[in-house]
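Colleague: below: sequence and its predicted model.
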Amino acid sequence: MLYNDNTTVEPTKKQKKEKKSSPPIEAIQELGTTNVPVAKSNIHVITIIGQIEGHMVLPPQNKTTKYEHILPQLVAIEQNAEIEGLLLLLNTVGGDVEAGLAIAEMIASMSKPTVSIVLGGGHSIGVPIAVSATQSFIVESASMTIHPIRLTGLVIGAPSSFDYLEKMQERVNRFVVSHSKVNEQKWKELLFKTGELSRDIGTSVVGHDAVKYGLIDQVGGVSEALQSLNQLIENQKQSKGFKQ
Amino acid sequence: MIIWSIIPTDTILQDLDKIPPPTEINYAGSIIEVLSISPTECQIVRVINSNPNAFLMPELQPGKVLTYKQITCQ
């Protein structure tokens, strides 16, 4: 009797051990998914795409970048010792002015090196975000639409007076001028140019022109941007070394 | 709130009134707001957590689709 009991118990123990030793198989069986192994990197990449979503959840036909998720991510990147730099990939059509400015100010105030690449388009509020990085890049074919806020803007819960929009525009102007090489006169000239955009005043600045006007630092793609980021990381490491 | 975009405001805000209110649930140690997209799946809209590292977790990115089975099995 005793011998028989033992034989029935042993296989179940073995089965339990097998189940515990293979969590990936368990995940596939239970959930139909498994985790892909993650390669470690010393940089983080954030994509700023579609509309910058601010105080309102936008309808699902918009592809959006949620600022309330980006802000704490930037805090985590700044704080995490394993992350040494940040690469921003921009292809945005604009969005909430204050949400965009919040992201731009956060990136500009980070101590870790940041590099941005404008791909496709970095329009409207995408411009301050692009210039907020330590070093900014634009690919040859990318464009940036620079146009005043008031003509295409939507105002909710704020006095839609000319004064209010003027102040909002001034905040953007000041940020762009202080974080790029463009001077205020040139920026305002691009902003109020007539005849270039069919339905609006403003300018569409493409690749090399963005660099020529001083908005963006260099024309280049991924390899140039990564090279620059690695150089900035190296410089920061060395300067920290000298201080100690 | 001011939208400054090259896309016309009407296009951006089309069907704004059709967005259902999100539900708050506990998932992977955070409170998350989700929108139901099918009887068995929901999509993350927002993560609420005071730990900044939670926002870097791949399983807690907005737009990620979760099955209700995943939520109850955690």
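Modeller: Nice, thanks for sending it over. Bear in mind that the values here come from a model prediction, so they are computed numbers and not experimental data.

Colleague: three-state assignment of the spatially most central residue of chain B?
Modeller: Centroid-nearest residue in chain B, with Cα atoms, centre = their mean: B:Val45, separated by 1.1 Å. Secondary structure, DSSP: H, G, I helix; E, B strand; the rest coil: B:Val45 is strand.

Colleague: what segments of chain A are helices?
Modeller: Secondary structure of chain A (DSSP state H): helices at A:2-21, A:23-31, A:67-79, A:97-108, A:126-131, A:149-152, A:162-179, A:184-191, A:207-212, A:222-243.

Colleague: between those helices, which one is closest to chain B.
Modeller: Closest to chain B of the helices of chain A is helix A:67-79 (Cβ to the nearest Cβ; 3.7 Å). Just so you know, the C-beta spots here come from the backbone N, C-alpha and C atoms, and that holds for glycine as well.

Colleague: what's the pLDDT at A:Thr7?
Modeller: pLDDT, A:Thr7: 47.

Colleague: er, A:Glu10 I mean
Modeller: In this model, A:Glu10 carries a pLDDT of 52.

Colleague: highest mean neighbour count out of the helices of chain A?
Modeller: Highest mean neighbour count among these (mean count of other Cβ atoms under 10 Å in any protein chain shown): helix A:126-131, with a mean of 29.

Colleague: contacts for that helix next, please.
Modeller: The contact list for helix A:126-131 (Cβ atoms under 8 Å, 6 or more residues apart in numbering or on different chains) reads A:48, A:52, A:88, A:90, A:92-94, A:100-101, A:103-104, A:107, A:116, A:118, A:122, A:136, A:138, A:144, A:146, A:172, A:175-176, A:179-180, A:215-216.

Colleague: what mean pLDDT would you report for stretch A:232-240?
Modeller: For stretch A:232-240, mean pLDDT rounds to 89.

Colleague: and the residue of chain A found nearest chain B, bridged to which residues?
Modeller: At 3.1 Å from chain B, A:Gly94 is the closest residue in chain A, using Cβ to the nearest Cβ. Per DSSP bridges, the residues bridged to A:Gly94 are A:Gln51, B:Ser5.

Colleague: how much space between it and A:Ile149?
Modeller: Distance of A:Gly94 to A:Ile149, computed by Cβ to Cβ, to the nearest Å: 10 Å.

Colleague: which neighbours do those two share?
Modeller: Contact criterion Cβ under 8 Å, 6+ apart; residues shared by A:Gly94 and A:Ile149: B:Trp4.

Colleague: now do the same contact list for the residue nearest to the centre of chain B.
Modeller: Taking Cβ under 8 Å, 6+ apart, we find B:Val45 in contact with A:57, B:22, B:32-35, B:62.

Colleague: if you set the cut-off to 6 Å instead, what comes out?
Modeller: B:22, B:33, B:35 (Cβ atoms under 6 Å, 6 or more residues apart in numbering or on different chains).
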